[in-house]
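J.: Show me how the following folds:
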Amino acid sequence: MKKLIFISVLGLLSCNRNSQTPHPPVGGVLSQNDLDVSKERMRNLNGLERKHIQEWINNQSVKYYPTQLNYWVNAEGYDTRERRQDNTFISYSYELYDFDQTKIYDQPIERRDARFGHFDELKAVENALRFIHDGEEVTLLVPSSLAYGTYGDEKKIDNDIPLIIKLKAL
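T.: Numbers count the residues shown, from 1 in each chain. Reported below is the predicted structural model:
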């Protein structure tokens, strides 16, 4: 019995709650310091992902071009094209791949008659759809911050995963 009490007391004394960082509940408020740490983490992660994506591009036979929104596309002058306006309709599909070129979902994600300004989509996909021609297919190389970010899609895509997106306007 004395051994059990001794082990319990030793366990309690060895716990150092001051070394643990408290995390607010979902929807909770973060301090300015926590926000600064998060911004710095994302800045570092984005820089690292951009470096890895550029290294990947250097080993490809297809040429990719950077866009103003911080992703790459395999069409030159892509984001200088005429931009589709809000409230216009588009039908499209896309497939998601990781940078090992492994397809993530068996079936493409497809939307019919989506209206700009009124649909939720990955930032890079929505931006790319603004410049794509009907029937055109492009490949996007997207850092995680423009894909599913720090949470993933809560299905097959983990957090902080950059993606290859094969996008087609139908």
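J.: Check which element follows the longest strand seen in the chain along the chain.
T.: Looking across the chain with DSSP state E, the single longest strand is strand 89-97. Moving toward the C-terminus from strand 89-97, the next helix or strand (DSSP states H and E) is strand 109-115.
J.: what's in contact with that following strand?
T.: 87-96, 119, 121, 170 (Cβ atoms under 8 Å, 6 or more residues apart in numbering). All C-beta spots, glycine's among them, are computed from the backbone N, C-alpha and C.
J.: Which among those residues count as buried?
T.: Applying 16 or more other Cβ atoms under 10 Å to these, the neighbour count classes Ile90, Tyr92, Ser93, Tyr94, Glu95, Leu96, Glu121 as buried.
J.: Next, format these as JSON lines and append pLDDT and distance to Thr67.
T.: Output for the buried ones among the contacts of strand 109-115, formatted as JSON lines (pLDDT from 0 to 100; distance: Cβ to Cβ, whole Å):
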{"residue": "Ile90", "pLDDT": "93", "distance to Thr67": "18"}
{"residue": "Tyr92", "pLDDT": "96", "distance to Thr67": "17"}
{"residue": "Ser93", "pLDDT": "96", "distance to Thr67": "20"}
{"residue": "Tyr94", "pLDDT": "97", "distance to Thr67": "16"}
{"residue": "Glu95", "pLDDT": "97", "distance to Thr67": "19"}
{"residue": "Leu96", "pLDDT": "97", "distance to Thr67": "18"}
{"residue": "Glu121", "pLDDT": "83", "distance to Thr67": "16"}
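J.: how about those residues in JSON lines, adding distance to Glu40?
T.: Formatted as JSON lines, the buried ones among the contacts of strand 109-115 follow (distance: Cβ to Cβ, whole Å):
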{"residue": "Ile90", "distance to Glu40": "37"}
{"residue": "Tyr92", "distance to Glu40": "35"}
{"residue": "Ser93", "distance to Glu40": "37"}
{"residue": "Tyr94", "distance to Glu40": "31"}
{"residue": "Glu95", "distance to Glu40": "33"}
{"residue": "Leu96", "distance to Glu40": "28"}
{"residue": "Glu121", "distance to Glu40": "28"}
